[in-house]
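**Q** Next input, structure requested:
(one chain, ligands or ions: 1)
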Amino acid sequence: MSKIVEEVTAANADYASGFGDKGKLAMPPRRRFAILTCMDARLDPAKFAGLAEGDAHVIRNAGGRASDDAIRSLIISYKLLGTREWFVIHHTDCGMETFTDEVMRDLLRHSLRTAELKEGKWVDLGINEGRPDGDFIDWLTISNQEESVLADVRHIRMHALVPQDIPIYGYVYNVRSGKLMEVAKATEVGRPQVVKAA
Ligand SMILES: [Zn+2]
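**A** Got it, this is the predicted structure:
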């Protein structure tokens, strides 16, 4: 067994031993909200947003981008599991700022091995064993965090299957301080579009 598998299974045994009443939690998130954020290992939404098991949905991908699949999850989150407020949270020092579609496509055409970031430039270590399939993927890279939050909140807001009455809040998480900073423009774009009749 790999060292990581050993560590994970040991940690799980420890966790399960104190599981207690958590086995009785209902499927719908108790606090009725969802967070879309980056997969970055430094981000722990349960800690930075104060979540316990059963509280909220956390949807993660590279960049915390509003990809088709992220929107699929958000729509399920609302339509079937009752969330009523959504957060889009990108962060400082995101890996998605370190490359462009062209860079990623070139690296993959060159090889499938792990590349290295040297002096701000991605360098491929493999030789002539790559594939061109990356040309067909929009890698959803980021050049400015506030702009990417705004673009994603706007994209979710405009989606035909996203309900008009759900507020969508935009934030940037600072990996140096652990603080969430609101992107006011994004939250403004994400405000509910329908005021319910009295
Ligand atoms: Zn990131």
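**Q** got the buried residues for stretch 35-47?
**A** Using 16 or more other CB atoms under 10 Å as the test for burial, stretch 35-47 gives 35-38, 40, 43, 45. No exception for glycine: its C-beta is placed from N, CA and C like everyone else's.
**Q** Make CSV from those and add distance to the ion and pLDDT to it.
**A** Listed next are the buried residues of stretch 35-47 as CSV, based on distance: CB to the ion, whole Å; pLDDT from 0 to 100:
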residue, distance to the ion, pLDDT
I35, 14, 98
L36, 12, 98
T37, 8, 98
C38, 3, 98
D40, 4, 98
L43, 7, 98
P45, 13, 98
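**Q** Which ones among these lie within helices?
**A** Among the buried residues of stretch 35-47, the residues falling in helices (DSSP state H) are P45.
**Q** between the buried residues of stretch 35-47, which is closest to R154?
**A** L36 (13.5 Å; CB to CB).
**Q** Touching, the closest one and W86? I think so.
**A** Yes - contact criterion CB atoms under 8 Å: L36 and W86 qualify, at 6.9 Å.
**Q** Give me the nearest residue to R105, chain neighbours excluded.
**A** Closest residue to R105 apart from its sequence neighbours, by CB to CB, 6 or more residues apart in numbering: G134 at 4.6 Å.
**Q** just checking, the one you found touches L108?
**A** Yes - counting by CB under 8 Å, G134 does reach L108; the two are 3.7 Å apart.
**Q** More neighbours: which of those two?
**A** More neighbours surround L108 than the other of G134 and L108, with 19 against 16 (other CB atoms under 10 Å).
**Q** wait, isn't the more buried one in contact with G126?
**A** No - the criterion here is CB under 8 Å, and L108 misses it with G126 at 10.1 Å.
**Q** intersection of neighbour lists for these two?
**A** Shared contacts of L108 and G126 (CB atoms under 8 Å, 6 or more residues apart in numbering): none.
**Q** looking at this, K185 is in a helix?
**A** Yes - K185 sits within a helix when classified using DSSP: H, G, I helix; E, B strand; the rest coil.
**Q** three-state assignment of the closest residue to it other than its chain neighbours?
**A** Closest residue to K185 apart from its sequence neighbours, by CB to CB, 6+ apart: L150 at 5.4 Å. In three-state terms, and counting by three-state DSSP, L150 is helix.
**Q** Report the contact partners of the nearest residue to G120 once chain neighbours are set aside.
**A** Using CB to CB, 6+ apart and skipping the chain neighbours, the partner closest in space to G120 is T98 (7.5 Å). Residues counted as contacts of T98 (CB under 8 Å, 6+ apart) are 117, 120, 122.
**Q** Might one say that I89 is in contact with N174?
**A** No - with contacts counted by CB under 8 Å, I89 stays clear of N174, the gap being 10.9 Å.
**Q** Please enumerate the shared neighbours of the two.
**A** Here I89 and N174 have L180 as joint contacts, going by CB under 8 Å, 6+ apart.
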